[in-house]
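Chemist: Provide a 3D model corresponding to the input given below.
(chains A, B, C, D and E, ligands or ions: 5)
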Amino acid sequence: MLRVEHLSLAFRGVQALRDVTFEVAAGGVTALIGPNGAGKTTMFNCISRILTPDSGTLSLDGIDLIGVRASRLPELGVARTFQHAALFPSLDVRGNVRIGADVARHASRPALSVDETLDLLQLSADASRNTEGLPLGTKKRVELARALASGPHLLLLDEPAGGLTHEEVGEMRDTLLSVKERLGLTILLVEHHVQMVMSMSSHVVVMSSGEVIADGAPSDVQSDPRVISAYLGS
Amino acid sequence: MLALQLLVDGVGKGAIYAALALAIVVAHRSTGLVNFAQGEFATLSAMLTVALTGLGLDVWLALAVAAAASFAGGALIQVVIVRPTMRRDLVPVVIMIGLYVCANAIGQLTFGQNPRPLEGLFPAGGLMLGGIRIQWSLIGVILLQAVVITALTLFFVRTKIGLGFRAVATAPEASRVAGIPVERMHMIGWGIAAALGAVAGVSLTNLGVYVEPHMMTTVLVYSLAAVTIGGFDSALGAIVGGTIMGIVESLVTGLVPGVSGDAGILVSLAIITLILLSRPQGLFGRERVTRV
Amino acid sequence: MSESRSVRAAQAGNAALVLALVLVPLFFEPFRVTQFTQILVVAIAVAGLNLLTGFTGQVSVGHSAFFGIGAYVTGVLIVHAAVPMTAAIIAGTLSGGIAGALFGVPSLRIKGTHLAIVTLVLAASLPAVLSTFSEITGGTEGLRVPRITPPRGSFLAADQTRYYVVLGVLLLIVLGVFMLDRSRTGRALRALGDNEIAAVTYGVRPMRLRIGVFAASSTITALAGALFAVTSGFISSTTSYMTIVGSIVFLTALVIGGRALLAGPLAGAAIAELLPAQISRQSPEWANFAYGAILIALLLLAPEGISSLRPRRWLSRTAPDVLPTPLQQEEAPHDTDNTHDQATSTTHIG
Amino acid sequence: TARVGDGGDPAASTDGSLNLTADCLHYDPTAGVTASAIKLGTSLPLTGPLAIPGTFHFGLEAHLAKINAEGGIDGRKIELTVLDDGYDPAKTATNVNELVNRDKVFGIVGILGTATALAVQQDLQDSCVPNLFIQTGAPVVADPAQTWSQIQFPTYTLEAQALAQRAINAGVKSVSIISQNDAFGKAYVDALVGPLQDAGVKVGTRATYDPGAPSVETQITQLAADGADAVFIAALGTKCPQILNGIKSSRWNPLLLSVNFCTSRGLLGLLENGAGDDMIGTTWYKSPTDPQFADDAALAAYREALAKYAPTADPDEDFVLDGWLVGQLLIKVLKSAETLDRASVMRAAHDANLHVDTMLDGVQFAAAGTTEPIGQVQLRRYDSASKTFLFIDPKSGDDLPAGKTRLIIRRTNLPPSADVRETTAAPSEGKP
Amino acid sequence: MSDPLVPLLDVDNLYARYGQARVLHGVSLTVLPGEVVVLLGANGAGKTTLLRAITGHVERTGSIKFVGTDITRASPATIVSLGLVQVPEGRGTFADLTVQENLRLGAYTRRVTAAALALEISEIVERYPILGERAGQRAGLLSGGEQQMLAIARALLARPRLLVLDEPSLGLAPAMTRAVFDTLRELHDEQGLSLLIVEQNADLSLGIADRAYVLEAGEIQVAGPAAAIRDDAGLRRAYLGY
Ligand SMILES: Nc1ncnc2c1ncn2[C@@H]1O[C@H](COP(=O)(O)OP(=O)(O)OP(=O)(O)O)[C@@H](O)[C@H]1O
Ligand SMILES: Nc1ncnc2c1ncn2[C@@H]1O[C@H](COP(=O)(O)OP(=O)(O)OP(=O)(O)O)[C@@H](O)[C@H]1O
Ligand SMILES: CC(C)C[C@H](N)C(=O)O
Ligand SMILES: [Mg+2]
Ligand SMILES: [Mg+2]
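Modeler: Ligands and ions are numbered 1, 2, ... in the order given. Here you go, the predicted model:
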């Protein structure tokens, strides 16, 4: 579905992506993991067209994404969350989710209604709250709700489990998997919660220092010595 | 020849704009606010200086006393008026408008309407350089400003307190976490800016401006434009921005036929828009960090 | 108070306010009606500014220029080209909108305080432009513009006619802003003001919206200017609404008024218009000082504006929650990479 | 002499040409007049950059207070309401609206400024409210169609032409101009250029400055580069000393010609040593700082009343004296009105032919048949060494003996008076 | 070192609120000198609020004593200078300042010579080399995890007696999380640093903790030795996942 080929990007002095190539299969959960500063968020920023790579190609269902403006991506069915929740403080929780739904109105994809989404992520009680005072875990859920409400094909999640207890991580995983089935989603997941990654992904790509160092099934990757030394630690 | 003289005139104009611009930069660098009332504070400081010289004080001494008093005044205003409203969006802007109006009124009430000159800080007259006339006072003011920028730059970049000022201006909450006394820093920042306002006001009187309640009205607009061109965080930028505006304005109105004195502000509008379109943070400003 | 009850209370409050506004000219002397008309004109200008500042958090100190463009295009067309008044008002309004759209272009790149200062310089430039073209604008000597007159056979006096025309426009605009507030575009605007990158990720098109909102905002303020020309009958390049002072009046009224859509601009405009004159009558020497001090005191007591003071709910549904502290660089541009903990700042005015 | 009119038929004028009330909306002849008072109002800048001209009101108030203390006009005290407009025409309009409709004043006196006056002139005309002694000399305000208003200053045209005449007489070959970039400056420039060119004098560089600009060095450099024989200065406030100081330090040494507003002592006190020497200016009243009037009885009375009734005012300020002078004229006009109704008073103003003791000898407020009542000015020279003014002969430029005047007069049907000299200055037409 | 039985931090009956919203309802908690205390709780329980209340960042009533000094009304700056230092939740860095400047600001409340500070900074950088590599880069441009490291490093430079950490592992890769906890343990063991940690990675945090508290809806529900948490089936499922 999403194909990343030979992508490179440097910031002044920092080579954040080096010739990155991987593929995200439709309908699955692909995890993108790697140590801090590996380039995962940068990769997301390239896919969501906030950044333009120096070289390489990006294609979604055969459409060349490099030529697409960031604001058109939701129409193509791409939604994302941000590592540091990027909510709109002048809108309440429901308003934030409605921003997502505003996109979906124009798409022919199946989508959850705003109320369904709020319900699903247990946000109904907080619907009219200001987003600024929300606890971290709740912010993460609002982000996810906003993304889901846009009725995406491809969902990019940047550390959705940050700040959640084990129990809450489990709930989030179950929710994600069930929505994925319902809407026929494809998920690209960046997450440091190894247990969550391993238990829900069908395919894992590991990056380090801007490079892909491993790419395969979760169990294979988990035992890859390079991954252990660079990421998991002994 | 004419062009050269106009250039010198432009530098003089620029020095006027730069004087107040420096105070604006300091306030911004240490509190993150653009103080619209800065010009009026400077006017009050200049009036105080006039009053002190009237008591027989030497003008430099009067300036020092006025700067010290201004420091206290600025700090006091920060504590009593600005601090309680700091964190509420547009409110500080209107607070500063209120301060502007009050300061202006105080000037009229205490000093009266009549313009008064202030004894020069520098020798009168000037030198002729191949037919170009340069006043000693202009040279003096420029030197004074050079000293101020150097001191400010060293202060903000080299010293621990200077670093603290930059921290509280850009990230007050993180500063609190790091144990920096944000409120006190803001107070001192306003004080320093007000003291520099005194220097600005007195500099102006050395560049042909008289002390009167409205001496800063237009200067403020140009100085704000200068700061914007130079970048809100750069003392050097304030000087460069002011000088660019002064020179371009002087050359355009002096050399282009049919362009009248009023065009100055239009020229400034053009310069500021063009420069900011290519460098939105100003020539010497640093772009704010944005990434996700 | 439950959500629906507070909404109903707000509606009732607004209805009462509208009724009062409609009745004003029937109970006041003509000179008061004329004075109120001017307040309504300023309220329209403030509503225009609120569209920009309230929704996107951008601060314009240049709206006096749009006001002036609206007033002058209207006045010049009527006086020099004998264009019918309505057509001239429309032309003046659109001209202000076009100028605003042009200013929307730099606003794509120039943000926050920088934009505010650029607009400030714009405001300072209008009088210079007017005096450059003094042959047609009259410069400081100004232009005498024919005023709105009652339609033939109308039972309304001239002052009442003018009042109702302006009131009608104000109510329409407030209704428009109210609808925008609940619309998809309104949400998109606020999202854009909060966090451009995240907004774009959700399909918000910054160029279109930024230019659009600048244009819409300046159109409304230009309409206020056009109405000023045909209700006051005289415009000059020294008329304060067309100088920086005008921008400051609008900004002050916006903040002092608070974020209620109708009550906010009205209360703000009334204070900005009436207060200085009233104090000045008592003591001209102290008037300015007192005015400045009252402004400060009001904000210390009611930082969210008069319309947010109790009884709070019934005054109105509140408008856009603003804004990323545009003149306080601490939070602008509002980036996702915001290190500052904003937990303590939850209230916004518009 | 005056009694409250019953309204009668105000249109029945002794002067058939003046039908004052023909188009009045709700003409209220005696508004503001009661058995014990006559209410008047004014709007002028008490604050802002033009607050100094605004000090005019002190002189006016002092004079009215003095008259009131002496019993008023037939027992009626004059109550003057002074409102601040900060030189904002929109405010002037609001103020006048309040004065007329809320305070119900009888008339408006001494609106200050051109734009401000224009903002309210038509409204006052439409409602037939006297709009007396407008503080401007702009010909555009002296519009014959505006029968309910009257300016007080000699026109800027007359002033400019008088100075032009002096330049021509002095034999200069070229004149540069520096003027404020607004209607005020333009009125002078417009009036100046024609006569100079007609006389074969070259009009060189014309520089303008923005009233708010902090300095005028660029303009001085431009003018100095041109190096004309004379320079005409149409400026206000601190721009005057800035210009004169600038000229001085540029080492250009032209004949200096300046409008009346530049020649107040307060401003000249800001001059650097030697600057402004021999500058020619105009006047029509007894400047309070002019040493030749140090012992003048009229000024002594003025100072005494001011100290009593307006102690905060600066008696040396020309604008304050002008306010006093207007007060004197006002009382005479009110007293000379046949009845105390608006039309009669307005008619009295139009018929006025008055001299008051604070005016220079020979100067007359003579309104009959003209919209520009004061038609004479005296030239004077500034002596920088003694910091004083000396009246000069317009033709030769020689100093006149103390106490003597030689006026330049606009050619009209004025009654001849003692030491008055006619010159060639042409009457200006009130432009619409 | 102070008396091991007198609490370093003694929070008693603490209430805190944001405007009208009451969040903490009479929380009492202690940290003894040299102790590591973990605070657990569900999303929204009030953990962050509790830490912010202790360090002076939210409106609070009740009593907070630190080394015997009442700091209930003290300003954040005073609290930091007493040695009670916080690593806030999420990014607590100065985005617009460089990494180097961020580190220097860590020692703001201390009297230390420039040379001594440089030495301390170079020691920290040895632990987290990326901070050295990016010394001149502005902090806001770092990756999420890199910023978290910076925030922790900066707090350490304040030389705290009690370090309060709000989700220190947030955004850190597993290996890095372990490295951070190693550092903390080391500082605890070698320098007697006391710790109060809010951490969802309970495996790790309980691993170094002496005692634990569980906060629910603004009230302390469970308090006891760290090991006891592992013995409670419900808590184990919620916080440890097995
Ligand atoms: N705008 C930028 N300017 C300079 N360097 C940058 C910029 N954005 C990212 N980097 C650097 O690029 C590298 C990759 O950053 P990125 O945010 O993609 O990492 P990440 O894999 O998401 O890490 P983490 O798990 O810590 O979030 C980092 O070293 C970061 O410092
Ligand atoms: N600035 C604020 N304004 C209003 N309410 C707030 C604010 N900050 C927190 N709250 C409320 O306080 C309660 C506790 O929040 P807190 O952030 O302390 O939870 P937490 O336990 O840290 O959660 P998490 O594990 O998700 O970080 C929540 O109901 C939250 O909505
Ligand atoms: C100084 C004022 C009395 C003159 C004023 N500027 C005018 O327009 O005429
Ligand atoms: Mg990341
Ligand atoms: Mg938390």
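Chemist: Give the helix, strand or coil label for the one residue in chain A that gets nearest to chain D.
Modeler: Taking C-beta to the nearest C-beta, chain D has its nearest neighbour within chain A at residue A:90, 34.6 Å off. Backbone N, C-alpha and C define where each C-beta goes, glycine included. Of the three states, residue A:90 takes coil under DSSP: H, G, I helix; E, B strand; the rest coil.
Chemist: The longest helix anywhere in chain A and chain E in contact?
Modeler: Longest helix in chain A by number of residues (criterion: DSSP state H): helix A:166-183. Yes: shown here: helix A:166-183 in contact with chain E (C-beta under 8 Å from any C-beta of the partner chain) through A:166, A:167, A:168, A:169, A:170.
Chemist: Could you see whether ligand 2 lies near that helix?
Modeler: No: using C-beta under 6 Å from any ligand atom, helix A:166-183 never reaches ligand 2; the gap is at least 8.5 Å.
Chemist: elements contacting that helix?
Modeler: strand A:29-33, helix A:136-149, strand A:186-190, helix A:194-200 (3 or more C-beta pairs under 8 Å, 6 or more residues apart in numbering or on different chains; DSSP states H and E).
Chemist: Out of the ones you listed, which gets nearest to residue D:144?
Modeler: Across these, residue D:144 has its closest neighbour in helix A:136-149 (72.0 Å, C-beta to C-beta).
Chemist: Residue of chain E nearest ligand 4, please.
Modeler: residue E:144 (4.3 Å; C-beta to the ion).
Chemist: Just list the residues touching that residue, thanks.
Modeler: Residues near residue E:144 by C-beta atoms under 8 Å, 6 or more residues apart in numbering or on different chains: A:36, A:41, A:83, A:84, A:159, E:91, E:171.
Chemist: Apply 6 Å and report the result again.
Modeler: A:83, E:171 (C-beta atoms under 6 Å, 6 or more residues apart in numbering or on different chains).
Chemist: go on, residue D:293?
Modeler: Applying C-beta under 6 Å, 6+ apart, the residues contacting residue D:293 are D:286, D:299.
Chemist: So what's the residue count around residue 30?
Modeler: Because you didn't say which chain, this covers chain A. By the measure other C-beta atoms under 10 Å in any protein chain shown, the count of residues near residue A:30 is 21.
Chemist: I was after chain E.
Modeler: Using other C-beta under 10 Å, residue E:30 is surrounded by 18 other residues.
Chemist: Mind checking what secondary structure the residue nearest to it when sequence neighbours are not counted has?
Modeler: Residue nearest to residue E:30 in three dimensions, not counting chain neighbours: residue E:7, with 4.1 Å by C-beta to C-beta, 6 or more residues apart in numbering or on different chains. What three-state DSSP gives for residue E:7 is coil.
Chemist: right, and residue E:7 touches residue E:33 too?
Modeler: No: the pair residue E:7 / residue E:33 is not scored as a contact, 7.9 Å apart, by C-beta atoms under 6 Å.
Chemist: what about these two, which has more around it?
Modeler: The neighbour comparison of residue E:7 against residue E:33 (other C-beta under 10 Å) goes to residue E:7, with 21 against 18.
Chemist: hmm, back to that, quick check: the residue of chain A closest to chain D touching residue C:194?
Modeler: Yes: Residue A:90 is in contact with residue C:194 according to C-beta under 6 Å; the separation is 5.4 Å.
Chemist: Pick out whichever of these two has more residues nearby.
Modeler: Between residue A:90 and residue C:194, residue A:90 has the larger neighbour count (other C-beta under 10 Å), namely 29 against 25.
Chemist: Relative to ligand 3, how far out is the more buried one?
Modeler: 47 Å (C-beta to the nearest ligand atom, to the nearest Å).
Chemist: Check residue C:28 too.
Modeler: 33 Å.
Chemist: Against residue D:100, how distant is that residue?
Modeler: Residue C:28 sits 16 Å away from residue D:100, going by C-beta to C-beta, to the nearest Å.
Chemist: same check, this time on residue A:158
Modeler: The separation that residue A:158 has from residue D:100, given C-beta to C-beta, amounts to 69 Å.
Chemist: now residue A:191
Modeler: Per C-beta to C-beta, residue A:191 is found 76 Å from residue D:100.
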